[in-house]
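Engineer: Below are the sequence and a predicted model for it; my questions follow.
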Amino acid sequence: FMVIVANPWLSILVVGVMTALLLLRFYYIKTAREMRRLEALARSPLYSHFSNTLQGLVTIRALRKMETFLQRFHLLQNQHTQCSHTQWAANRWFQIRTDILVLPLFIVTVFTSIPLSSVLDPSLVGLCITYITNLLFTFNHIVRYISRVEIYMVSAERVIEYGALDPEPPLKTLPPHQPPPSSWPSRGEIAMEDICFRHSLDSPVVLKNLSCYIQPA
């Protein structure tokens, strides 16, 4: 507002700069939102792998699979780093473009004040230049923070997505199935016939038609 008071002709440039910043923000937010989503998707397997490795550390060492899990960790880490670095680079790209758009406002204010020095109040011109210097910082951060709020809403999307997942079945046997007797298991006997197993409904079957019988000791 002080810029327009000091030099009313700059109101046209101010409106143009604000419009360009909004258009740049809409252009940037489409890509930044997807990159944030990719970064979150790449982070979850990394944390899951690290947690599973800690829980099964004894088994991993017993089977001498340390190198396999280490290579898997490096692969997941590299995928997450790629997404994180791309997101960081896009953020810097957006910051540089906002500075480039706001910088002409400062240049035009300074150089238009010279031929209009006989008309404009010097004190208002000096105050105007001071405000524009702060405006470079303020415009940049306002647009960045507004964009960041929308980008971080991806985390809320993931919370809603996980909340809509089907819950796992309970550990207790529910009707119409009959629960085992209270004395079960009375013997260390295990019998399996044509057992198939998959980690989720959309994942491939990892155990196919497994049958075995383990006699009690």
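Structural biologist: Noted; the coordinates are in hand. Residues are numbered from 1 along each chain as shown.
Engineer: For Arg43, see how far away the residue positioned nearest the centre of the chain is.
Structural biologist: Centroid-nearest residue in the chain, with C-alpha atoms, centre = their mean: Arg36, separated by 3.2 Å. Using C-beta to C-beta, to the nearest Å, Arg36 is found at 11 Å from Arg43. In this view, the C-beta of every residue, glycine as well, is placed from N, C-alpha and C.
Engineer: Next: Ile142.
Structural biologist: 28 Å.
Engineer: And the next helix or strand past the biggest helix by length in the chain?
Structural biologist: Here the longest helix in the chain is taken by residue count, with DSSP state H as the criterion, and it is helix 66-113. Using DSSP states H and E, the helix or strand that follows helix 66-113 in sequence is helix 122-163.
Engineer: For that next one, name the packing helices and strands.
Structural biologist: For helix 122-163, the packing partners by 3 or more C-beta pairs under 8 Å, 6 or more residues apart in numbering; DSSP states H and E come out as helix 2-6, helix 10-55, helix 66-113.
Engineer: Quick one: mean pLDDT for that helix?
Structural biologist: Taken as a whole, helix 122-163 carries a mean pLDDT of 75.
Engineer: Quick one: name whatever helix or strand follows that helix.
Structural biologist: Note on helix 122-163: by DSSP H and E, the next helix or strand toward the C-terminus is strand 190-197.
Engineer: Mind listing residues that contact the helix or strand following that next one?
Structural biologist: Downstream of strand 190-197, the first helix or strand assigned by DSSP H and E is strand 207-214. By C-beta atoms under 8 Å, 6 or more residues apart in numbering, the residues outside strand 207-214 that reach it are Gly188, Glu189, Ile190, Ala191, Met192, Glu193, Asp194, Ile195, Cys196, Phe197.
Engineer: what would the residues you listed look like in JSON lines with neighbour count and distance to Leu54?
Structural biologist: Shown next, in JSON lines, are the contacts of strand 207-214 (neighbours: other C-beta atoms under 10 Å; distance: C-beta to C-beta, whole Å):
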{"residue": "Gly188", "neighbour count": "9", "distance to Leu54": "29"}
{"residue": "Glu189", "neighbour count": "11", "distance to Leu54": "33"}
{"residue": "Ile190", "neighbour count": "11", "distance to Leu54": "28"}
{"residue": "Ala191", "neighbour count": "9", "distance to Leu54": "33"}
{"residue": "Met192", "neighbour count": "11", "distance to Leu54": "29"}
{"residue": "Glu193", "neighbour count": "9", "distance to Leu54": "34"}
{"residue": "Asp194", "neighbour count": "8", "distance to Leu54": "34"}
{"residue": "Ile195", "neighbour count": "11", "distance to Leu54": "28"}
{"residue": "Cys196", "neighbour count": "10", "distance to Leu54": "29"}
{"residue": "Phe197", "neighbour count": "9", "distance to Leu54": "23"}
